[in-house]
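In: coords please:
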Amino acid sequence: MIEVWERFGPVIVAAVAIIPVAVALAVVLTRHRVARGIPLGEARRRSRAELAIVAGTWPWLWMILTPTDGERAVRLVPLVDLTDVLISAPSVVVVQVVGNLLVFAAWGWCGPIRFRIGPAEVGGVALIASVTVEALQYGLSLGRVSSVDDVLINVLGAVLAASVSVRLNRERRDAVPV
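Out: Next up, the predicted model:
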């Protein structure tokens, strides 16, 4: 469990630390939008979603783009790295699988709220972003393995979050009396 905290601790602290800043920015951005004629509810929805996407994604990107003393490699055969991870120690499984599921989960959850898009569009953006991150890891020689499995899990996390978000938000909209 110490390994999990060493890996995720700074991300959790950074994510929690940015909450007050994100809330303040959401208020300012909402007021700006209302002043431009956007209805209050729409202005709040957009502002909150945009800031949640940034605040929920940047700590993970910061972590995975931080240099390490590890191996610099590219692994393009799907499911090989994932299989190796799944037979590892539980802490490795948590760090690798849960961490990769969470990288673009904020985008997955809030993207449909902000842009009224579905899981397929969220997955497309997550795919492009994830491939970019993996290419940066390799191109910047960060001592990290660039793996197609990381891309697959990143996209899966975004799509799962989007699927739940779309369903819950549809149910809320349908439950509101007209």
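
In: Now do the same contact list for the residue nearest to the spatial centre of the chain.
Out: Centroid-nearest residue in the chain, with Cα atoms, centre = their mean: F104, separated by 2.0 Å. Neighbouring residues of F104 by Cβ atoms under 8 Å, 6 or more residues apart in numbering: 57, 60, 126, 129-130, 154-155, 157-158, 161. Where C-beta positions appear, they are placed from N, C-alpha and C, glycine not excepted.

In: what do you get for S147?
Out: Applying Cβ under 8 Å, 6+ apart, the residues near S147 are 74-75, 81, 134.

In: repeat for L65
Out: With Cβ under 8 Å, 6+ apart, L65 has these contacts: 133, 136-137, 140, 142.

In: Check L86 too.
Out: 93, 97.

In: Next, find the distance separating it from V92.
Out: Remark: distance between L86 and V92 (Cβ to Cβ, to the nearest Å) = 9 Å.

In: Helix, strand, or coil at P67?
Out: coil (DSSP: H, G, I helix; E, B strand; the rest coil).

In: my read: W60 touches G99, true?
Out: Yes: in this structure, W60 is within contact of G99 by Cβ atoms under 8 Å, at 7.4 Å.

In: In which helix or strand does S146 reside?
Out: Here S146, judged by DSSP states H and E, is contained in strand 145-147.

In: Tell me the strands beside that strand, with direction?
Out: With DSSP bridges as the test, strand 145-147 is paired with strand 73-75 (parallel).

In: so how far is the helix or strand just after the partner strand from its chain's centroid?
Out: Toward the C-terminus, strand 73-75 is succeeded by helix 80-86 as the next helix or strand (DSSP H and E). Relative to its chain's centre, helix 80-86 lies at 21 Å (Cα atoms, centre = their mean, to the nearest Å).

In: who's in contact with whatever helix or strand comes next after helix 80-86?
Out: Sequence-wise, the next helix or strand downstream of helix 80-86 (DSSP H and E) is helix 90-93. Helix 90-93 is touched from outside by 1, 3-4, 85-86, with contacts defined as Cβ under 8 Å, 6+ apart.

In: Dump those residues to JSON lines, plus pLDDT and distance to A26.
Out: Shown next, in JSON lines, are those (pLDDT from 0 to 100; distance: Cβ to Cβ, whole Å):
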{"residue": "M1", "pLDDT": "67", "distance to A26": "34"}
{"residue": "E3", "pLDDT": "72", "distance to A26": "35"}
{"residue": "V4", "pLDDT": "70", "distance to A26": "30"}
{"residue": "V85", "pLDDT": "93", "distance to A26": "36"}
{"residue": "L86", "pLDDT": "94", "distance to A26": "39"}
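
In: most neighbours, which of these?
Out: V85 (18 neighbours; other Cβ atoms under 10 Å).

In: Nearest spatial neighbour of that residue, chain-adjacent residues omitted?
Out: Nearest non-adjacent residue to V85, counting by Cβ to Cβ, 6 or more residues apart in numbering: Q96, 4.5 Å away.
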